[in-house]
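1. the sequence isn't on hand, but the structure is:
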């Protein structure tokens, strides 16, 4: 029996452990992937904190791998093709939560949940696009903003640094909002036309000085900061939330009467949407900034990501 290394959570409440476990075999409509890279995402915390329906469980939902074996009836992919999978695992599964994910040398995936990864992207670059990239790309793509509109990105972290790039490449008048001056040079290099330091000025007022934002994309999970941004919107505009802390937003009916404006969330991540994000990223040269870790250091990578000390996405290099 062929064995593989994996970072596995043995049972609810236990920490991840490096284990040797049998390589899984693909069932009907599935393929076996030899995992090349797996992003470390905040969404993994649900599994790591005990939220999976059953254990043991292998986390990880930003997975890039090579098709190694085809299950019965699998016809969509060929052996040797490089593919990726995100949060939605197919057949009503969540990758790394209700089925084993990519913190491992091999994983099984449903063929309809996979997207093709072109050669222009390395596996390490592609991994964060499976969730962080697609999340921000789709939120902007499906927003009210059109080329030339003022679009603000709140928070310059794992999501925000990608959102700035997508906004610029899509032709939006791009504003980056963050605390302190240390990220200004970087976000301007990424394409931001303006930088608002929330420690020095009120972001909502600064946005109104620029004419009011058509779209504000909130990528940092700070309820108070997100709530205050509604006053930075122009007419018939929207505040889109792609990261939340679970805290109550501080909004009143009056905030909505100033518009008409919309506050909404955005959660997508199906294979078709991931493929569109990949294609746009390759076409416009959008790339994540990553810090890589070997598989056995997955716990360290996760802790750094949760502490927001990774700049900007942590990625496991499985066969380093």
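-> In hand now; what should we look at? Everything numeric here is computed off the predicted structure, so don't read it as measured data.

2. name the helix or strand of the chain that has the lowest mean pLDDT.
-> Within the chain, no helix or strand scores below helix 253-257, which has a mean of 74 by mean pLDDT, DSSP states H and E.

3. gap between that helix and the chain center?
-> Helix 253-257 sits 31 Å away from the centroid of its parent chain (CA atoms, centre = their mean, to the nearest Å).

4. same question for stretch 165-176.
-> Using CA atoms, centre = their mean, the offset of stretch 165-176 from its chain centre is 18 Å.

5. list the buried residues of that stretch.
-> 165-170, 172-176 (16 or more other CB atoms under 10 Å). C-beta: built from backbone N, CA, C; applies to glycine.

6. closest to residue 284 among those?
-> Comparing the buried residues of stretch 165-176 against residue 284 with CB to CB picks out residue 169 as the nearest, at 3.9 Å.

7. phi, psi for the nearest residue to the closest one once chain neighbours are set aside please.
-> Distances taken as CB to CB, 6 or more residues apart in numbering place residue 284 nearest to residue 169, at 3.9 Å, with adjacent residues excluded. The phi and psi torsions at residue 284 (degrees, to the nearest 10) take the values phi -110, psi 10.

8. can you check residue 276 too?
-> phi -70, psi -40.

9. enumerate every residue touching it.
-> 137-138, 141 (CB atoms under 8 Å, 6 or more residues apart in numbering).

10. out of those, who's nearest residue 318?
-> Of all these, residue 137 has the smallest distance to residue 318: 24.8 Å, by CB to CB.

11. quick one: residues contacting the nearest residue to the closest one once chain neighbours are set aside.
-> Distances taken as CB to CB, 6+ apart put residue 277 closest to residue 137, at 4.1 Å, once the chain neighbours are dropped. Residue 277 sits next to 129, 133-134, 137-138 when contact means CB under 8 Å, 6+ apart.

12. identify the residues contacting the nearest residue to residue 155 once chain neighbours are set aside.
-> Excluding the flanking residues, the one nearest residue 155 by CB to CB, 6+ apart is residue 220, at 2.7 Å. Listed by CB under 8 Å, 6+ apart, the contact partners of residue 220 are 154-155, 157, 160, 226, 243.

13. thinking again about what came up before, going by neighbour count, which residues of the next helix or strand after the least confident helix or strand of the chain are buried?
-> Next helix or strand after helix 253-257 toward the C-terminus (DSSP states H and E): strand 262-265. Across strand 262-265, burial judged by 16+ other CB under 10 Å covers 262-263.

14. if I look at the most centrally placed residue in the chain, how far off is residue 103?
-> With distances taken as CA atoms, centre = their mean, the chain has residue 132 as the residue nearest its mean C-alpha position (1.5 Å). Applying CB to CB, to the nearest Å, the value for residue 132 to residue 103 is 17 Å.

15. the residue nearest to residue 155 and residue 210, how far apart?
-> From residue 220 to residue 210 the distance is 20 Å (CB to CB).

16. now the buried residues of stretch 165-176 in JSON lines, with distance to residue 31 and pLDDT?
-> Below are these laid out as JSON lines (distance: CB to CB, whole Å; pLDDT from 0 to 100):
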{"residue": "165", "distance to residue 31": "31", "pLDDT": "98"}
{"residue": "166", "distance to residue 31": "29", "pLDDT": "98"}
{"residue": "167", "distance to residue 31": "35", "pLDDT": "98"}
{"residue": "168", "distance to residue 31": "36", "pLDDT": "98"}
{"residue": "169", "distance to residue 31": "32", "pLDDT": "98"}
{"residue": "170", "distance to residue 31": "33", "pLDDT": "98"}
{"residue": "172", "distance to residue 31": "37", "pLDDT": "98"}
{"residue": "173", "distance to residue 31": "43", "pLDDT": "98"}
{"residue": "174", "distance to residue 31": "39", "pLDDT": "98"}
{"residue": "175", "distance to residue 31": "42", "pLDDT": "98"}
{"residue": "176", "distance to residue 31": "39", "pLDDT": "98"}
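
17. the residues you listed in strands, which ones?
-> Counting by DSSP state E, these place 173-176 in strands.

18. adding distance to residue 118, write those residues out as TSV.
-> Compiled in TSV, these are given as follows (distance: CB to CB, whole Å):
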residue	distance to residue 118
173	30
174	26
175	31
176	28
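
19. of these, closest to residue 58?
-> residue 176 (35.6 Å).

20. and the closest one, bridged to which residues?
-> residue 153, residue 195 (DSSP bridges).

21. got the contact list for it?
-> 152-153, 156, 160, 164, 183, 187, 190, 192, 194-196.
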